[in-house]
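In: Fold the stuff below for me.
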Amino acid sequence: MRLFTFFLVCSLALSACKKDNGQKPNLPDQKSEKVTLKYAKGFSITNYESYKEIVVTSPWPKSQDTFRYILSKEGHKNPEFLNANALVQLPVENVVVMSTTNIPTLEYLNIDNKLVGFPNTKFISSEKTRSRIDTGEIKDLNSDLDLNMELLIDLQPDLVVGFSVNGNNKTLNQIEKFEIPVVLDGAWTEKHPLGRAEWIKFIAAFFNKEKEADSIFNTIESSYLKAKELAANVNNKPVVFSGSMFKDVWNVPGGKSFVAKYLEDANVDYLWKDSNANGSLQLNFENVLDKAQGAQFWIGAGSFQTKSQMIEQHKGYSYFEAFKTNNIYTYTNKIGPGGGLLYYELGPLRPDLILKDIINIAHPNLLEDYNNFFFKRLD
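Out: Numbering: from 1, shown residues only. From the prediction side, this is the model:
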């Protein structure tokens, strides 16, 4: 996937195999224990004696479909479960993922050596994984929409981790025809930043890395909550707006979106905080100018590198006070060799770093000796 493309251009249409018809699966009568999830709403994990059951209830926005995956533990054969969308034999020894957001998860869990293929590898920014690409250990599978199926079959992955924008089945259904298990990662549908990060537990279950995932997530959560608490003590709440133009539309984060949650937790006055939209609001330039012209900060102004690039796209950007005072921030501080933004790759797993960046922008000197990780100021 091209840098978490489903954030920017919802043009991909991937999904998984059969859809749950609502019937209960024919599962053996075994003792069970459900994994506790603190923030993630889109999946569940239940551990049984001989297998794990993962149910994904939010594979894409507003989905009415549920996907059930059965993971047979080592030493136990895959039974013929009814209504299972994928049967996976543990442990998974090699994997293909379709999104750059899965790369940091594999690295943090220390299982990046299991990755054998990826579509369009040039957009992977991680130096560690890029070194494996350069040595040929990770094969380029062309693109999500035109996957090199012959090469994929040669790799014989135990698992493919995909994603879906709207439930269209094409590429992933084609993979399943070759009896390769496909599962859907719906982390990007979560509305709380920590909910997105908690999907590390989803990936970890396929590699028996649950303890490691818990430890990693708890560290990220603690870092996030400490930063939030620090910002909560600040009395001054600077006025902030976000987004930028795409063709004739300005995509503004809705008040219930995960971006708005970052701004809320950073203790700023986000101009569209009262909107009930979970995703983006599609506004015209005049709407945004009328409301945000005098705002102090413009945080998340697309992927521009300079203010001159902004003017080339739309001269009206210069009308904003934040433009005049050089208070525009984009998430282009770290760019991979292929042009990929690390923000899209690592950001979902490290919401604490994103929150700290925003706090550092809005409340300078609150975080002692802190340098922005993802965001940079445009001059």
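In: I'd like the next helix or strand past the helix-or-strand element of the chain with minimal mean pLDDT.
Out: When each helix and strand of the chain is scored by mean pLDDT, DSSP states H and E, helix 5-8 comes last, with a mean of 37. Proceeding N to C from helix 5-8, the next assigned helix or strand is strand 32-34, under DSSP states H and E.
In: list the helices and strands that following strand packs on?
Out: Helices and strands touching strand 32-34, by 3 or more C-beta pairs under 8 Å, 6 or more residues apart in numbering; DSSP states H and E, are strand 43-48. All C-beta atoms are positioned from the backbone trio N, CA, C, and that covers glycine.
In: Sheet-wise, list the partners of the strand it packs on with their directions.
Out: Strand 43-48 has its sheet partners listed here by DSSP bridges as strand 32-34 (antiparallel), strand 51-56 (antiparallel).
In: K201 reaches K211, doesn't it?
Out: No. Using C-beta atoms under 8 Å as the test, K201 is too far from K211 to be in contact (10.6 Å).
In: And the two? Which one has more around it.
Out: Comparing K201 with K211 by other C-beta atoms under 10 Å, the one with more neighbours is K201, at 23 against 9.
In: where does the more buried one fall, helix, sheet strand or coil?
Out: Classification of K201 by DSSP: H, G, I helix; E, B strand; the rest coil places it in helix.
In: what's in contact with stretch 365-379?
Out: 227, 230-231, 234, 299, 301, 304-307, 310, 326-334, 342-343, 347, 350, 353-354, 356-361 (C-beta atoms under 8 Å, 6 or more residues apart in numbering).
In: quick one: buried residues of that stretch?
Out: Neighbour-count burial for stretch 365-379, with 16 or more other C-beta atoms under 10 Å as criterion, is recorded at L366, L367, N372, F373, F374, F375, K376, L378.
In: what is the mean pLDDT for it?
Out: Averaging pLDDT along stretch 365-379 yields 95.
In: C-alpha coordinates for it, CSV please?
Out: Output in CSV follows, covering the C-alpha atoms of stretch 365-379 (Å, rounded to 0.1, in the frame of the first residue of the first chain):
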residue,chain,number,x,y,z
ASN,A,365,8.7,24.3,26.1
LEU,A,366,6.1,22.2,27.8
LEU,A,367,8.0,19.1,26.8
GLU,A,368,11.6,19.6,28.0
ASP,A,369,14.3,19.1,25.4
TYR,A,370,11.8,17.6,22.9
ASN,A,371,12.3,17.7,19.2
ASN,A,372,9.4,17.0,16.8
PHE,A,373,9.5,13.5,15.4
PHE,A,374,6.9,13.6,12.6
PHE,A,375,5.9,17.2,12.2
LYS,A,376,8.0,20.1,10.8
ARG,A,377,7.4,23.8,10.5
LEU,A,378,7.3,25.2,7.0
ASP,A,379,9.4,28.4,6.4
